[in-house]
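Undergrad: Predicted structure and sequence below. I'll ask about it afterward.
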Amino acid sequence: MTADAPALVWFRQDLRLADNPAFAAAAASKRPIACCYILDDETPGPWRLGGASRWWLHHSLTALTASLEKHGGRLILRRGAAAQVLPQLAAELGASAVYWNRCYEPYAVARDKALKEKLGAAGVEVKSFNGALLHEPWEIKNKTGEPFKVFTPFWRACVASGAARTPIAAPKRLEFAATASPSDALESWALRPSKPNWAKSFETEWRPGEDGARAALKAFLGKQLADYSEARNQLGVYGTSRLSPHLHFGEISPAQIAASIDPDAPGAGKFLSEIGWREFSHQLLFHWPNLPERNWKDQFDAFPWRDDEAGFRAWTRGETGYPVVDAAMRELWVTGYMHNRARMIAASFLIKHLLIDWRRGEAWFWDTLLDADLANNAASWQWVAGSGADASPYFRIFNPITQGQRYDADGAYVRRWLPDLAKLPNEYIHAPWTAPTDLLRTCGVKLGETYPHPIVDHAEARAGALAAFATI
């Protein structure tokens, strides 16, 4: 390698310049830097990026490209299996080193291990870093040296460890490699949908990119954090941070978020524990790599799931006849996001009212959520199903009527996403089939026409779910 051989920075789920350990280390190496992103649709198997995530990726890469160009750099885009593309690009550039931040999905761990060996054999130095978590998945262990299986003691140990890394400032001086290596045109990847453009409404809801992430954090800290402990469950208000897509794509790091918050401030403890759930989910995925496909508790392998295509279709379309469930599914379709309380309600309905395998819901969320994260998605669906670590007990079956009444008492959430029910008074908004016929007519609601009848009876569905759980 020549003295001016570049250091290649491989961007992945870390699409930012600040607090990017790999990028900072490459800049500090005094080598000229080359930057790349590889769209690897081959390695992940069934977990290639979903449709909503691809929309976000397009805009996030656009933002990252602009940031690099502002500093005189460029982002090389390549498509293909990273195990082949990255070594080819390193050889093409004459790179002496490759830097990346670690990913923890099982396919990524295996791929990266093989890449380190392949690049090392070619004389290319490889350095990897933690840019995605407060703690590495192998760092926090229980008293017997095993990974935690229950969230609360896990997070307590994380807090007590005091070992979360300190955010790194973006490098002030950058020297980029002069290279004419070809790059794919981002538009050629066709990450954004067309014919139809079902993501059009995303544009008014979201601002992908590092600057958008910073703005979202600033807004949350200024407006929502103080009331977070209570407001986070209220469906009709913006009480959550909406940082999850930014976190998943690495436009902001959990270390940056934690460093921005006074842990003693009102709402801070509860919000940071939600960051902790993300940490816990990644620890579970790292130690139990089959988490997205297999029941964490083996006894659930014998659960009598139902093959109910009509029920699944009604659930995906927001046509179950239960307003809070339907509002949640329509919020997802329009915005690429769903309120966390609504996620639990919708997931519980699919699993425990319809007895449809949690993996079908997991796959639907993977394709439709902008913040689709393999660890969070799998751990959360298994939590609701009762099949996962530290899971919700099997007998906890959310009543969609009372959940709506409790967390959307004024009906604002339902009215926003189900305008056909907007004129119903609060007394009936979460159970329109109980409203008097004359009132329904006055409010313009025709059950079975403008809004469906419930596809299952709650009491019967609850009894059926308990009977199914009793079999295992």
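TA: Sure, I can see it.
Undergrad: For burial, what's the neighbour tally of the residue lying closest to E136 once chain neighbours are set aside?
TA: Nearest non-adjacent residue to E136, counting by C-beta to C-beta, 6 or more residues apart in numbering: N130, 5.6 Å away. Yep, even glycine has a C-beta here, placed from its N, CA and C like the rest. N130 has 18 neighbouring residues, counting by other C-beta atoms under 10 Å.
Undergrad: cool, the one 10 residues further on as well?
TA: For I140, the count of nearby residues is 22 (other C-beta under 10 Å).
Undergrad: where along the protein do the strands fall?
TA: Secondary structure of the chain by DSSP state E: the strands cover 7-11, 33-39, 75-79, 97-101, 125-129.
Undergrad: So H453 is in contact with W433, correct?
TA: Yes - H453 lies in contact with W433 (C-beta atoms under 8 Å); the separation is 6.3 Å.
Undergrad: quick one: which of those two has more around it?
TA: Set H453 next to W433 and count neighbours by other C-beta under 10 Å: W433 wins out with 15 against 10.
Undergrad: For the more buried one, give me its contacts.
TA: G321, L447, H453, P454 (C-beta atoms under 8 Å, 6 or more residues apart in numbering).
Undergrad: how about 10 Å then?
TA: G321, Y322, L440, V445, L447, G448, Y451, P452, H453, P454 (C-beta atoms under 10 Å, 6 or more residues apart in numbering).
Undergrad: pLDDT value on it, please?
TA: In this model, W433 is scored at 98, pLDDT.
Undergrad: Next one: it from A461, what distance?
TA: In this structure, W433 and A461 are separated by 15 Å, where distance is defined by C-beta to C-beta, to the nearest Å.
Undergrad: With G51 instead?
TA: The value you get for G51 to A461, if C-beta to C-beta is used, is 30 Å.
Undergrad: can you check D357 too?
TA: Here the criterion is C-beta to C-beta. By it, D357 lies 16 Å from A461.
Undergrad: hang on, the earlier thing: where helices are concerned, which of the contacts of W433 count?
TA: The members of those that map onto helices under DSSP state H are L440.
Undergrad: Just name the closest of the contacts of W433 to L247, please.
TA: Proximity of the contacts of W433 to L247 was ranked by C-beta to C-beta; the top entry is Y322 with 30.3 Å.
Undergrad: For the spatially closest residue to W138 that is not a sequence neighbour, list the residues it contacts.
TA: The shortest distance from W138 to any residue other than its chain neighbours is 7.1 Å, reached at F286 (C-beta to C-beta, 6+ apart). Under the criterion of C-beta under 10 Å, 6+ apart, the contact list for F286 reads Y104, E105, P106, V109, L133, E136, P137, W138, P147, A375.
Undergrad: And L93, by the same measure?
TA: Listed by C-beta under 10 Å, 6+ apart, the contact partners of L93 are A5, P6, A7, L8, P32, A34, C36, I76, A177, T179, S181.
Undergrad: Can you check the pLDDT for D390?
TA: According to the model's per-residue confidence, D390 sits at a pLDDT of 83.
Undergrad: swap in the one 10 residues further on?
TA: What the model reports for P400 is a pLDDT of 98.
Undergrad: backbone phi and psi for the nearest residue in space to it that is not next to it in sequence, please?
TA: What sits nearest to P400 in space, not counting adjacent residues and going by C-beta to C-beta, 6+ apart, is Y322, at 4.1 Å. Dihedral angles of Y322 (phi, psi; degrees, to the nearest 10) stand at phi -110, psi 110.
Undergrad: Tell me which of the strands of the chain sits most buried.
TA: strand 7-11 (a mean of 27; mean count of other C-beta atoms under 10 Å).
Undergrad: and that one, average pLDDT?
TA: Taken as a whole, strand 7-11 has a mean pLDDT of 98.
Undergrad: from now on call the first residue 876
TA: Right, with 876 as the first residue, what we last looked at is strand 882-886.
Undergrad: Give me the sheet partners of it and which way each runs.
TA: With DSSP bridges as the test, strand 882-886 is paired with strand 908-914 (parallel), strand 972-976 (parallel).
Undergrad: got the ones you listed as a markdown table, with distance to R1281 and mean pLDDT columns?
TA: Below are these laid out as a markdown table (distance: least, C-beta to C-beta, whole Å; pLDDT from 0 to 100):
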| stretch | distance to R1281 | mean pLDDT |
| --- | --- | --- |
| strand 908-914 | 43 | 98 |
| strand 972-976 | 41 | 98 |
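Undergrad: Please identify which pair of the contacts of F1161 lies farthest apart.
TA: Set against one another by C-beta to C-beta, the contacts of F1161 have their most distant pair in E980 and P1022, with a gap of 16.6 Å.
Undergrad: Looking at the two now, which is surrounded by more residues?
TA: For the pair E980 and P1022, the greater number of neighbours falls to E980 (20 against 17), based on other C-beta under 10 Å.
Undergrad: contacting residues for that one?
TA: Contacts for E980 (C-beta under 10 Å, 6+ apart) come out as 888, 918-919, 922, 986, 1157, 1160-1161, 1164, 1167, 1248-1250.
Undergrad: Inside helices: which ones of the residues you listed?
TA: Counted as lying in helices by DSSP H, out of the contacts of E980, are R986, H1157, L1160, F1161, L1249, A1250.
Undergrad: PyMOL command for the buried members of those residues?
TA: The PyMOL command for the buried members of the ones in helices among the contacts of E980 (criterion: 16 or more other C-beta atoms under 10 Å) is given here:
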select buried, resi 986+1157+1160+1161+1249+1250
